[in-house]
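**Q** A predicted structure for the sequence below; I have some questions about it.
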Amino acid sequence: MTTREVEHEITVNAPAAAAYRLLAEVTNWPRIFPPTIHVDQVEKNGAGTEERIRIWATAGGEAKNWTSRRTLDPDALRITFRQEITTPPVAAMGGTWIIEPLGDRDSRIRLLHDYRAIDDDPDGLRWIDEAVDRNSRSELAALKENLELAHAAEDVTFSFTDSVLVQGSAKRAYAFIDEAHLWAERLPHVATVRLTEDSPGLQTLEMDTRAKDGSVHTTKSYRVTFPHHRIAYKQVTLPALMTLHTGLWTFEETPEGTVASSQHTVTLNTANIAKILGPEATVADARAYVHSALSTNSLATLGHAKGYAEQSG
């Protein structure tokens, strides 16, 4: 059995404690790390030092998912992880995040990995080598950027939710959102759709949507489905005004009916504000513009899902 051990590191202009907190809050990872699509916290011990998480991420251009156990040590500023359920060609994968203070304002972040390929296959090991190296560099670069911008960029990242009340089942409302391959027929603002599901519950969605001004925009998202309650997604081909867009469709049955919601988290691309909205436009203008555009499409989609669920009973 050949076990490979590799290490990557980066220095960040942020206190070690702040770096640790960002890494410890794993549900934030889709906002921090480009390869991460969605993370679910499956279980956690009472002390909060041991947790089991499921991660969906892209590796080598493909969407993969795995389950890991993490041990959190806030005193040592160390987080160890071990994949519990791996995805071929990975036979075993684990590692450690180590955060080292460099004075009061800077820190070094080290990311250690150890892994094996199934049957010690050399092609599989080469694939893992490349994926780990690419993702580690991407994760550390994104972590550095997000840590250093965290305080200055509070007004650039925001979240909001739109909801409708459906007099129908959560299962039917969920089905409308899940069946995105039919959206071109069902939704006026969708021109074309390409939906693939290479493994159950993990979808790739590419679509062309029409804006209010008649222009057509192409987007690509990875979606993770949890029948019949929620669908999480991360957009990887983005409009010019965004550097990040993640979302969550949820369907909750209540005594009053099914509450169907669309939640968005967005980071604005401030470099494009003047080009898209004009030289006088502010961050607040861009925020309002993006919020309005996303809400318009979300509420239109939720409205059609409502109609579909109520007609279907």
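**A** Happy to help now that I have it. Numbering: from 1, shown residues only.

**Q** Return the residues in contact with the nearest residue to Val156 once chain neighbours are set aside.
**A** Excluding the flanking residues, the one nearest Val156 by CB to CB, 6 or more residues apart in numbering is Leu268, at 4.8 Å. For every residue, glycine as well, the C-beta is placed using N, CA and C. For Leu268, the contacting residues are 156-157, 241-243, 283, 286-287, 290, by CB atoms under 8 Å, 6 or more residues apart in numbering.

**Q** quick check, distance from stretch 97-114 to the centre of its chain.
**A** 24 Å (CA atoms, centre = their mean, to the nearest Å).

**Q** buried sites along it?
**A** Neighbour counts over stretch 97-114 (16 or more other CB atoms under 10 Å) mark 97-99, 107, 109-113 as buried.

**Q** Just the closest of the residues you listed to Thr71, please.
**A** Taking CB to CB as the measure, Thr71 sits nearest to Trp97 out of those, at 10.7 Å.

**Q** dump the residue contacts of that closest one.
**A** For Trp97, the contacting residues are 23, 78-81, 109-112, by CB under 8 Å, 6+ apart.

**Q** mind redoing it with 7 Å?
**A** Contact analysis of Trp97 by CB atoms under 7 Å, 6 or more residues apart in numbering lists 23, 78-79, 109, 111.

**Q** do the same with His181
**A** For His181, the contacting residues are 193, 195, by CB under 7 Å, 6+ apart.

**Q** measure it to Met207 for me?
**A** 10 Å (CB to CB, to the nearest Å).

**Q** between those two, what contacts are shared?
**A** Taking CB under 7 Å, 6+ apart as the criterion, His181 and Met207 both touch Val193.

**Q** thinking again about what came up before, could you dump the contacts of Leu268 to a markdown table with secondary structure, neighbour count and pLDDT?
**A** Below are the contacts of Leu268 laid out as a markdown table (DSSP: H, G, I helix; E, B strand; the rest coil; neighbours: other CB atoms under 10 Å; pLDDT from 0 to 100):
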| residue | secondary structure | neighbour count | pLDDT |
| --- | --- | --- | --- |
| Val156 | coil | 17 | 87 |
| Thr157 | strand | 17 | 86 |
| Leu241 | coil | 21 | 95 |
| Met242 | strand | 19 | 93 |
| Thr243 | strand | 16 | 86 |
| Val283 | helix | 13 | 94 |
| Ala286 | helix | 22 | 97 |
| Arg287 | helix | 19 | 96 |
| Val290 | helix | 22 | 96 |
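
**Q** circling back to that earlier point, give the bridge partners for the residue nearest to Val156, please.
**A** Met242 (DSSP bridges).

**Q** roughly how far out does the one helix or strand Leu143 maps to sit from the chain middle?
**A** Using DSSP states H and E, Leu143 falls within helix 122-149. Its chain's C-alpha centre and that of helix 122-149 lie 16 Å apart, by CA atoms, centre = their mean.

**Q** buried stuff in that helix?
**A** Here helix 122-149 shows 124-125, 127-128, 131-132, 135-136, 139-140, 142-144, 146-147 as buried, counting by 16+ other CB under 10 Å.

**Q** same deal with stretch 24-35?
**A** Neighbour counts over stretch 24-35 (16+ other CB under 10 Å) mark 24, 26, 28-33, 35 as buried.

**Q** Out of those, list just those in helices.
**A** 24, 29-32 (DSSP state H).

**Q** Closest to Ala260 out of the buried residues of helix 122-149?
**A** Asn146 (31.0 Å).

**Q** Against which helices or strands is the helix or strand bottoming out on mean pLDDT in the chain packed?
**A** Every helix and strand in the chain was compared by mean pLDDT, DSSP states H and E; the lowest is helix 29-32, with a mean of 82. Counting contacts by 3 or more CB pairs under 7 Å, 6 or more residues apart in numbering; DSSP states H and E, helix 29-32 packs against strand 36-44, helix 122-149, strand 242-254.

**Q** which one of these lies closest to His228?
**A** Between His228 and those, the tightest spacing by CB to CB is seen for strand 242-254, at 6.5 Å.
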